[in-house]
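Engineer: Sequence and predicted structure are below.
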Amino acid sequence: MINEGIRDKEVRLIDTDGTMLGIFPIKEAQKIANSKNLDLVKIAPQAVPPVCKIMDYGKYMFELSKREKEARKNQKVISVKEIRLKPTTEEHDFNFKVRNAGKFLKDGDKVKVSIRFSGRQLNYTSLGKEVLDKFAEALKDVGIVERKPKLEGRSMVMLLNPKQQ
(Lines give C-alpha, C1' and ligand atoms only; values in the text may rest on other atoms or scores of the structure.)
Protein backbone atom coordinates (compact mmCIF):
# COMPACT_ATOMS: atom_id res chain seq x y z
CA MET A 1 0.00 0.00 0.00
CA ILE A 2 1.21 3.46 -0.81
CA ASN A 3 0.24 7.06 -0.08
CA GLU A 4 -3.56 7.53 0.24
CA GLY A 5 -4.14 3.76 0.14
CA ILE A 6 -2.92 3.47 3.75
CA ARG A 7 -5.98 3.51 6.04
CA ASP A 8 -4.37 3.25 9.51
CA LYS A 9 -4.75 6.04 12.10
CA GLU A 10 -1.07 6.21 12.98
CA VAL A 11 2.13 4.67 11.62
CA ARG A 12 5.76 4.18 12.65
CA LEU A 13 7.74 6.27 10.15
CA ILE A 14 11.17 5.50 8.70
CA ASP A 15 13.08 8.14 6.74
CA THR A 16 14.77 7.63 3.35
CA ASP A 17 18.17 6.96 4.96
CA GLY A 18 16.69 4.31 7.32
CA THR A 19 16.49 6.39 10.51
CA MET A 20 13.43 5.91 12.70
CA LEU A 21 11.42 9.15 12.93
CA GLY A 22 8.83 7.83 15.40
CA ILE A 23 5.07 7.29 15.48
CA PHE A 24 3.01 9.82 13.51
CA PRO A 25 -0.65 10.25 12.56
CA ILE A 26 -1.13 9.17 8.93
CA LYS A 27 -1.89 12.69 7.69
CA GLU A 28 1.30 14.09 9.18
CA ALA A 29 3.37 11.20 7.80
CA GLN A 30 1.85 11.86 4.37
CA LYS A 31 2.74 15.57 4.63
CA ILE A 32 6.37 14.71 5.48
CA ALA A 33 6.55 12.38 2.45
CA ASN A 34 4.97 14.99 0.18
CA SER A 35 7.38 17.69 1.37
CA LYS A 36 10.27 15.47 0.19
CA ASN A 37 8.46 14.71 -3.11
CA LEU A 38 8.49 10.97 -2.27
CA ASP A 39 5.94 8.26 -1.54
CA LEU A 40 4.80 6.81 1.77
CA VAL A 41 5.03 3.00 1.49
CA LYS A 42 3.70 0.51 4.05
CA ILE A 43 6.46 -2.10 4.49
CA ALA A 44 5.27 -3.99 7.60
CA PRO A 45 1.45 -4.05 7.75
CA GLN A 46 1.31 -6.73 10.51
CA ALA A 47 3.30 -4.61 13.02
CA VAL A 48 1.52 -2.52 15.66
CA PRO A 49 1.51 0.30 14.62
CA PRO A 50 2.23 -0.51 10.92
CA VAL A 51 5.68 0.52 9.66
CA CYS A 52 5.85 2.94 6.73
CA LYS A 53 8.92 4.16 4.89
CA ILE A 54 9.45 7.30 2.84
CA MET A 55 10.87 6.26 -0.55
CA ASP A 56 10.59 6.66 -4.31
CA TYR A 57 8.13 3.83 -5.04
CA GLY A 58 8.76 3.76 -8.81
CA LYS A 59 12.51 3.43 -8.31
CA TYR A 60 11.95 0.74 -5.65
CA MET A 61 9.74 -1.34 -7.97
CA PHE A 62 12.25 -0.96 -10.83
CA GLU A 63 15.12 -2.22 -8.64
CA LEU A 64 12.95 -5.09 -7.39
CA SER A 65 12.12 -6.22 -10.94
CA LYS A 66 15.79 -5.86 -11.90
CA ARG A 67 16.81 -8.14 -8.99
CA GLU A 68 14.18 -10.72 -9.96
CA LYS A 69 15.32 -10.69 -13.57
CA GLU A 70 18.94 -11.20 -12.47
CA ALA A 71 17.87 -14.13 -10.26
CA ARG A 72 15.99 -15.73 -13.17
CA LYS A 73 19.02 -15.32 -15.42
CA ASN A 74 21.28 -17.15 -12.95
CA GLN A 75 18.94 -20.06 -12.36
CA LYS A 76 19.53 -23.37 -14.14
CA VAL A 77 16.52 -25.14 -15.65
CA ILE A 78 16.83 -28.90 -15.27
CA SER A 79 14.93 -30.89 -17.84
CA VAL A 80 14.28 -34.62 -17.93
CA LYS A 81 15.42 -36.44 -21.07
CA GLU A 82 13.98 -39.87 -21.76
CA ILE A 83 15.80 -42.85 -23.22
CA ARG A 84 13.69 -45.85 -24.28
CA LEU A 85 15.04 -49.35 -24.40
CA LYS A 86 13.67 -52.86 -24.94
CA PRO A 87 14.76 -55.96 -23.05
CA THR A 88 16.18 -57.25 -26.34
CA THR A 89 18.17 -54.12 -27.29
CA GLU A 90 21.38 -55.10 -29.12
CA GLU A 91 24.85 -54.15 -27.85
CA HIS A 92 25.58 -51.40 -30.42
CA ASP A 93 22.20 -49.69 -29.88
CA PHE A 94 22.67 -50.00 -26.12
CA ASN A 95 26.12 -48.34 -26.29
CA PHE A 96 24.74 -45.58 -28.54
CA LYS A 97 21.98 -44.82 -26.01
CA VAL A 98 24.48 -44.91 -23.13
CA ARG A 99 26.64 -42.36 -24.98
CA ASN A 100 23.62 -40.05 -25.53
CA ALA A 101 22.53 -40.39 -21.89
CA GLY A 102 26.11 -39.51 -20.84
CA LYS A 103 25.91 -36.30 -22.92
CA PHE A 104 22.59 -35.40 -21.30
CA LEU A 105 23.98 -35.98 -17.79
CA LYS A 106 27.11 -33.90 -18.55
CA ASP A 107 24.82 -31.06 -19.69
CA GLY A 108 23.12 -31.19 -16.27
CA ASP A 109 19.85 -32.83 -17.32
CA LYS A 110 18.16 -35.73 -15.58
CA VAL A 111 17.73 -38.92 -17.60
CA LYS A 112 14.68 -41.16 -17.40
CA VAL A 113 15.48 -44.62 -18.75
CA SER A 114 12.45 -46.75 -19.54
CA ILE A 115 12.03 -50.27 -20.87
CA ARG A 116 8.76 -51.11 -22.59
CA PHE A 117 7.63 -54.72 -22.35
CA SER A 118 5.37 -56.09 -25.08
CA GLY A 119 3.40 -59.33 -25.06
CA ARG A 120 5.11 -62.22 -23.32
CA GLN A 121 8.12 -60.09 -22.38
CA LEU A 122 6.13 -59.01 -19.33
CA ASN A 123 6.83 -62.44 -17.84
CA TYR A 124 10.59 -61.74 -17.99
CA THR A 125 10.85 -58.41 -16.18
CA SER A 126 14.09 -59.62 -14.58
CA LEU A 127 15.78 -59.23 -18.02
CA GLY A 128 14.63 -55.60 -18.09
CA LYS A 129 15.99 -55.00 -14.60
CA GLU A 130 19.35 -56.44 -15.68
CA VAL A 131 19.44 -54.11 -18.70
CA LEU A 132 18.69 -51.08 -16.51
CA ASP A 133 21.32 -52.11 -13.95
CA LYS A 134 23.85 -52.50 -16.78
CA PHE A 135 22.83 -49.03 -18.06
CA ALA A 136 23.35 -47.49 -14.61
CA GLU A 137 26.71 -49.27 -14.27
CA ALA A 138 27.85 -47.88 -17.64
CA LEU A 139 27.01 -44.33 -16.50
CA LYS A 140 28.25 -44.52 -12.90
CA ASP A 141 31.06 -41.99 -13.55
CA VAL A 142 28.67 -39.23 -14.78
CA GLY A 143 25.37 -40.04 -13.04
CA ILE A 144 23.81 -41.40 -9.89
CA VAL A 145 20.61 -43.47 -9.71
CA GLU A 146 17.90 -41.30 -8.15
CA ARG A 147 15.09 -43.83 -8.50
CA LYS A 148 15.86 -47.53 -8.78
CA PRO A 149 14.22 -49.58 -11.57
CA LYS A 150 10.53 -49.99 -10.84
CA LEU A 151 7.78 -51.66 -12.85
CA GLU A 152 4.93 -49.28 -13.74
CA GLY A 153 2.31 -51.00 -15.87
CA ARG A 154 4.06 -52.36 -18.98
CA SER A 155 7.17 -50.21 -18.45
CA MET A 156 10.10 -50.38 -16.08
CA VAL A 157 11.46 -46.92 -15.23
CA MET A 158 14.72 -45.70 -13.67
CA LEU A 159 15.79 -42.08 -13.07
CA LEU A 160 19.40 -40.86 -13.21
CA ASN A 161 20.74 -37.59 -11.77
CA PRO A 162 23.91 -35.87 -12.98
CA LYS A 163 26.86 -36.26 -10.60
CA GLN A 164 27.96 -33.03 -8.91
CA GLN A 165 31.40 -31.80 -9.97
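Structural biologist: Thanks, I have the structure now.
Engineer: Every contact and neighbour count from this point should use C-alpha atoms.
Structural biologist: Will do.
Engineer: the domain parsing of the chain - what is it?
Structural biologist: According to automatic domain parsing, the chain comprises the domains 3-73, 80-162.
Engineer: list the buried ones in the longest strand along the chain?
Structural biologist: The longest strand of the chain (DSSP state E) is strand 143-152. Neighbour-count burial for strand 143-152, counted by 16 or more other C-alpha atoms under 10 Å, picks out G143, I144, V145, P149, L151.
Engineer: Look up which residues are beta-bridged to the last one.
Structural biologist: Applying DSSP bridges to L151 gives these bridge partners: M156.
Engineer: My guess is it contacts V157. True?
Structural biologist: Yes - counting by C-alpha atoms under 8 Å, L151 does reach V157; the two are 6.5 Å apart.
Engineer: re earlier: so which two of the buried residues of strand 143-152 are the farthest from each other?
Structural biologist: For the buried residues of strand 143-152, the farthest-apart pair by C-alpha to C-alpha is G143 and L151; their separation is 21.1 Å.
Engineer: quick one: contacts of the longest helix anywhere in the chain?
Structural biologist: When the chain is parsed with DSSP state H, its longest helix is helix 57-74. Helix 57-74 is touched from outside by L38, D39, V41, with contacts defined as C-alpha atoms under 8 Å, 6 or more residues apart in numbering.
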